[in-house]
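Colleague: structural data only, the sequence is not supplied:
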């Protein structure tokens, strides 16, 4: 019998591929992916006017609705999972917990150097969410 001594080395370390940023175009993104990957920078690139940016989000969801109610539901769920929406919710929750106005909380966070929505963005998202109810 022959003894094999030239075995390949055992794999000792497995590394996960680094996560790509939302703006990376290496993988094509659909409308639902775009909504899910929405971060503050991407949100602000939609339009300098937050109301117009919110209108663009609404337009994406309405175009999904043209395909099917299921696609619309997926789009709304993706939006509600985005960083922008989570930041909106955090501001609202903190306002309720501390019994402070949202504008005051935004000013506090901004003075601490934290990245946060502006009051205009908060209000535009609030209006958008009213239009997204089923």
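Modeller: Cool, got the structure. The structure presented is a predicted model; accordingly, all values stated were derived computationally and were not measured.
Colleague: pull the number of nearby residues for residue 59.
Modeller: A count of neighbours around residue 59, defined by other C-beta atoms under 10 Å, yields 11. Yep, even glycine has a C-beta here, placed from its N, CA and C like the rest.
Colleague: residue 131 versus that one, what's the distance?
Modeller: Remark: distance between residue 59 and residue 131 (C-beta to C-beta, to the nearest Å) = 11 Å.
Colleague: which residues do those two both contact?
Modeller: The contact sets of residue 59 and residue 131 do not overlap (C-beta atoms under 8 Å, 6 or more residues apart in numbering).
Colleague: tell me where the protein has helices.
Modeller: 31-36, 40-46, 50-67, 69-80, 83-98, 102-111, 119-131 (DSSP state H).
Colleague: including mean pLDDT, could these go into a markdown table?
Modeller: Shown next, in a markdown table, are these (pLDDT from 0 to 100):
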| stretch | mean pLDDT |
| --- | --- |
| helix 31-36 | 92 |
| helix 40-46 | 94 |
| helix 50-67 | 95 |
| helix 69-80 | 95 |
| helix 83-98 | 95 |
| helix 102-111 | 94 |
| helix 119-131 | 96 |
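Colleague: give the contact list for residue 61.
Modeller: Residue 61 neighbours (C-beta under 8 Å, 6+ apart): 35, 72, 75-76, 79, 132.
Colleague: again but with residue 106, I slipped
Modeller: 91, 116-119, 122.
Colleague: contacts only, for the residue lying closest to residue 81 once chain neighbours are set aside.
Modeller: The shortest distance from residue 81 to any non-neighbouring residue, by C-beta to C-beta, 6 or more residues apart in numbering, is to residue 36 (5.5 Å). Shown in contact with residue 36 (C-beta under 8 Å, 6+ apart): 78-79, 81-82.
Colleague: nearest to residue 48 among those residues?
Modeller: Residue 48 has its nearest neighbour among those in residue 82, at 19.4 Å by C-beta to C-beta.
Colleague: residues near that closest one, how many?
Modeller: Residue 82: 21 neighbours (other C-beta under 10 Å).
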